[in-house]
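**Q** Here you go, sequence then predicted model.
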Amino acid sequence: MSYSNNGFDREVEEGMGEEQEEKGKSENKWVTEITKNRHSPTERGLDKEVNGMLVNKGDSKESICVIGSGDFGRALAGRLATAGYKVTIASRDPDRNRSLIPTGVELSGLSTAAQADLVIVAVPKDFYHTLPTTLLAGKVVVDVSNRSSVRRNSTESQAEYLARLLPSSSVVKSFNVLSAYSLESGGLQGSKQVFVAGDDASARDLVSGVVRGAGFTPVDLGGLSAAHTIEDIPVAVFPQWRVPFYIHLSIFTFLYLLSFVKFQICWPITWSTDGSFLWHLWHHIPMDNMNKTLAVHALITLALCYLPGVLAGWLQIYRGTKYSRFPAWLDNWLKMRKQLGLLMLFAASIHACLSVAYMSPTYQGIVYGDPVEASVHVMEGEGWGPKTEALNRTSVKVFGTEKMKWRGECFLMSGVFGFSLVVLLGITSLPSVTATLSWKEFAFVQSGLGWTAMIFLCAHDMFYGWPYMNSPSCGIPSGFQYALYIPFLTILLKLPLVVPPLSTHLARIRAGYVRAGRQKDSAKQEETV
């Protein structure tokens with residue numbers, strides 16, 4: 001298993017920390033090994049023949065021909081020229097876009113492709129049949145196209161289609177994950193991965209060297225059959241966010257409907273003294289219902305970010321080893337923690353803004369205490385005109401005559417402090433911030449401060465809702481109560497893992513200890529194999 005070192009999905013203490021750290025070392029070793037084997041021949045200093053051309057470390061950079069003078073073709077040609085390559089744009093009508101050609105790039109007809117070391121086809125798939133097949137024979141041809149539809153319309157990738165049209169060429173799929181804007185912006189993109197796929201290993205080496213020379217990181221995916229995967233990447237719409245968003249939306253919808261049934265259907269009927277339906281309670285649907293639902297939703301979602309890590313720790317204790325794959329459902333849950341956490345931050349931010357909007361004594365009587373009732377003569381009058389004192393006295397409620405009660409102050413401070421810690425978790429999940437933190441620093445923020453935030457937010461709920469905690473209404477438990485079900489379950493499962501002897505045992509497992517019975521089972525499996 002591998003997990004990105006971002007956001008909420010890098011938590012040490014739930015059974016993922018040391019395992020990922022050790023795995024990271026082995027993966028880095030593997031990446032280094034692959035890199036040594038797959039660098040371009042020019043960077044390794046080796047003489048290698050690619051399609052009849054001898055490439056040597058002492059030679060100048062490859063000459064490249066880009067067929068197509070559209071936006072992407074011009075942007076890629078300009079980027080490669082800036083990197084020191086001799087680049088020519090080949091077009092059937094060279095004079096059409098001559099004024100748009102980047103500095104350092106030559107413009108000529110299609111015949112130039114015959115003299116190039118590398119040919120990049122930057123024309124739509126519908127025009128592949130017009131390519132000069134004879135001129136491209138024996139060449140390394142790079143397909144940079146992307147399909148316009150999200151779904152695949154064919155079992156054959158566009159690169160495989162091009163390879164079928166050019167049987168005498170070595171077709172490689174690459175550069176399609178970049179955009180014309182990113183190529184022209186000139187920003188530092190060394191961390192941007194550019195995928196490479198092709199059936200000819202020498203051709204892949206050549207293209208990988210050009211990718212690296214242009215300032216990007218090549219990722220060799222092997223044969224041209226991997227072009228399907230590469231072509232899916234640019235047209236994918238938030239693939240890592242789709243499932244977390246649906247989970248997030250489902251939880252919110254369920255909680256909102258639960259509140260609606262209680263506040264807008266049950267209460268208007270049961271609170272009525274004359275049998276009429278209390279429609280005025282529907283006035284609170286836009287803000288009050290939304291805010292109460294978001295409060296419960298945010299706390300539950302935060303607990304769901306830490307619950308899978310706790311379950312992973314218990315599973316490692318049960319199995320007596322960390323060298324065992326997690327179940328698919330737990331594996332996927334662990335991978336989506338960052339997305340769940342950021343969606344939780346979104347919900348909590350809306351709740352905080354709405355709470356500020358109606359943090360007034362009339363809404364928050366439990367915080368400020370009961371109002372003082374005064375009997376007064378109210379002023380009467382129309383519009384902006386003069387007002388006169390009424391003859392009859394009226395009872396008026398006066399809020400806010402005293403400061404907050406102690407429970408109100410604790411409720412407010414625990415909420416503000418917990419929300420601030422959640423914001424800090426979200427900030428440290430940004431790749432630019434994560435890159436500046438060591439493993440221990442990141443673990444302290446995401447794990448230590450994350451658990452602290454959940455405890456403060458649970459206290460925030462309890463300080464406010466304690467008088468109603470055990471007061472079900474319409475057969476539905478209080479929102480203050482069911483908001484704590486999953487957070488309390490998560491905390492209760494976590495506590496035994498942080499105190500001896502389980503904490504010591506789990507630390508040994510993470511350090512590589514394997515229970516004796518487990519070792520025998522592994523040995524039997526090896527003998528069977």
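**A** In hand now; what should we look at? Numbering: from 1, shown residues only.
**Q** Pop out the phi and psi values for P431.
**A** phi -60, psi -40 (degrees, to the nearest 10).
**Q** Neighbours of it, how many?
**A** When counting by other CB atoms under 10 Å, one arrives at 11 neighbours for P431. To be clear about C-beta, it is placed using only N, CA and C from the backbone, and glycine gets the same treatment.
**Q** Also T155?
**A** Neighbours around T155, by other CB under 10 Å: 7.
**Q** gap between it and H228?
**A** 9 Å (CB to CB, to the nearest Å).
**Q** Kindly report the same for A348.
**A** Applying CB to CB to A348 and H228 gives a distance of 40 Å.
**Q** So between those two, which is more surrounded?
**A** Shown here are A348 and H228; by other CB under 10 Å, A348 has more neighbours (25 against 18).
**Q** what's the closest non-adjacent residue to the more buried one?
**A** Leaving aside its sequence neighbours, A348 sits nearest to A298 (CB to CB, 6 or more residues apart in numbering; 4.1 Å).
**Q** looking at it, the one you found is touching M344, isn't it?
**A** Yes - judged on CB atoms under 8 Å, A298 makes contact with M344 at a distance of 5.5 Å.
**Q** sorry, back to before: for the helix or strand harbouring the residue nearest to A348, which positions count as buried?
**A** Using DSSP states H and E, A298 falls within helix 290-319. Buried residues in helix 290-319, defined by neighbour count with 16 or more other CB atoms under 10 Å: 290-314, 316-317.
**Q** nearest spatial neighbour of the residue most central in space within the chain, skipping sequence neighbours?
**A** In the chain, the centroid-proximal residue (CA atoms, centre = their mean) is Q339; its distance is 4.8 Å. Among residues not flanking Q339 along the chain, P244 sits closest, at 3.7 Å (CB to CB, 6+ apart).
**Q** Next, the angle from the helix or strand containing the one you found to helix 290-319.
**A** Using DSSP H and E, P244 maps to helix 242-260. Counting by axes from the mean of the first three to the mean of the last three CA atoms, to 10 degrees, helix 242-260 lies at 130 degrees to helix 290-319.
**Q** Please give the centre-to-centre distance between the following helix or strand past helix 242-260 and its chain.
**A** Following helix 242-260 in sequence order, the next helix or strand is helix 267-270 (DSSP H and E). Distance, stretch centre to chain centre, for helix 267-270: 43 Å (CA atoms, centre = their mean, to the nearest Å).
**Q** Which positions in helix 267-270 come out as buried?
**A** So for helix 267-270, counting by 16+ other CB under 10 Å, buried means P268.
**Q** can you list the residues that contact it?
**A** F277, L278, W279, L281, W282, S473, C474 (CB atoms under 8 Å, 6 or more residues apart in numbering).
**Q** one more time with 6 Å
**A** Residues outside helix 267-270 that contact it (CB atoms under 6 Å, 6 or more residues apart in numbering) are F277, L278, L281.
**Q** Go through these and say which is closest to V207.
**A** L281 (66.2 Å; CB to CB).
**Q** circling back to that earlier point, may I have the residues that are in contact with the residue nearest to A348?
**A** So A298 contacts M344, A347, A348, H351 (CB under 6 Å, 6+ apart).
**Q** returning to that earlier point: wasn't the residue nearest to the centre of the chain part of a helix?
**A** Yes - assessed with DSSP: H, G, I helix; E, B strand; the rest coil, Q339 lies in a helix.
**Q** Give me the distance between it and T434.
**A** 15 Å.
**Q** ok, back up a step: I figured the residue nearest to Q339 was touching K338, is that so?
**A** No - assessed by CB atoms under 6 Å, P244 is found out of contact with K338, at 8.5 Å.
**Q** Let me know the pLDDT of the residue lying closest to C65 once chain neighbours are set aside.
**A** Leaving aside its sequence neighbours, C65 sits nearest to A116 (CB to CB, 6+ apart; 3.5 Å). pLDDT recorded at A116 is 92.
**Q** doesn't F277 fall inside a strand?
**A** No - under three-state DSSP, F277 falls outside any strand and is assigned coil.
**Q** Tell me if I'm right that the residue nearest to the centre of the chain and W241 touch.
**A** Yes - Q339 lies in contact with W241 (CB under 6 Å); the separation is 5.3 Å.
**Q** if I look at these two, which residues touch both of them?
**A** Common neighbours of Q339 and W241 (CB under 6 Å, 6+ apart) do not exist.
**Q** and the angle for the helix or strand containing G426 with helix 290-319?
**A** In the assignment (DSSP H and E), G426 maps to helix 406-428. Following the same axes, to 10 degrees, one obtains 70 degrees for the angle between helix 406-428 and helix 290-319.
**Q** What residues sit buried inside helix 406-428?
**A** Buried residues in helix 406-428 (16+ other CB under 10 Å): 407-408, 410-412, 414-415, 417-419, 421-422, 424-426, 428.
**Q** now swap in stretch 478-498 and tell me
**A** 478-481, 483-484, 486-487, 490-491, 493-494, 496-497.
**Q** and which of the buried residues of helix 406-428 is nearest G223?
**A** Closest approach to G223 among the buried residues of helix 406-428 (CB to CB): T428, at 39.1 Å.
**Q** So that closest one sits against F444, correct?
**A** No - look at T428 against F444 with CB under 6 Å: they stay out of range, at 9.8 Å.
**Q** which residues of the stretch 251-400 of the chain score low on pLDDT?
**A** The model of the stretch 251-400 of the chain has pLDDT under 70 over residues 359-370, 383-385, 399-400.
**Q** could you redo the last one with a cut-off of 50?
**A** The model of the stretch 251-400 of the chain has no residue with pLDDT under 50.
**Q** Report all helices and strands that the helix holding G426 contacts.
**A** In terms of contacts (3 or more CB pairs under 6 Å, 6 or more residues apart in numbering; DSSP states H and E), helix 406-428 is packed against helix 337-357, helix 450-465.
**Q** before we move on, back to that, please give me every residue in contact with the residue nearest to Q339.
**A** P244 neighbours (CB under 6 Å, 6+ apart): M336, Q339, L340.
**Q** and if we set it to 10 Å?
**A** 238, 301, 304, 332-333, 335-344 (CB atoms under 10 Å, 6 or more residues apart in numbering).
**Q** So in the chain, which strand runs the longest?
**A** strand 388-398 (DSSP state E).
**Q** so what secondary structure elements neighbour that one?
**A** strand 372-380 (3 or more CB pairs under 10 Å, 6 or more residues apart in numbering; DSSP states H and E).
**Q** tell me how far the strand it packs on is from the chain's mean position?
**A** That offset, for strand 372-380, works out to 56 Å (CA atoms, centre = their mean).
**Q** quick one on the thing from earlier: now do the helix holding G426 against helix 450-465, angle only.
**A** 150 degrees.
**Q** Just the mean pLDDT for helix 406-428, thanks.
**A** Throughout helix 406-428, pLDDT has a mean value of 92.
**Q** again with stretch 169-184
**A** Stretch 169-184 comes out at a mean pLDDT of 90.
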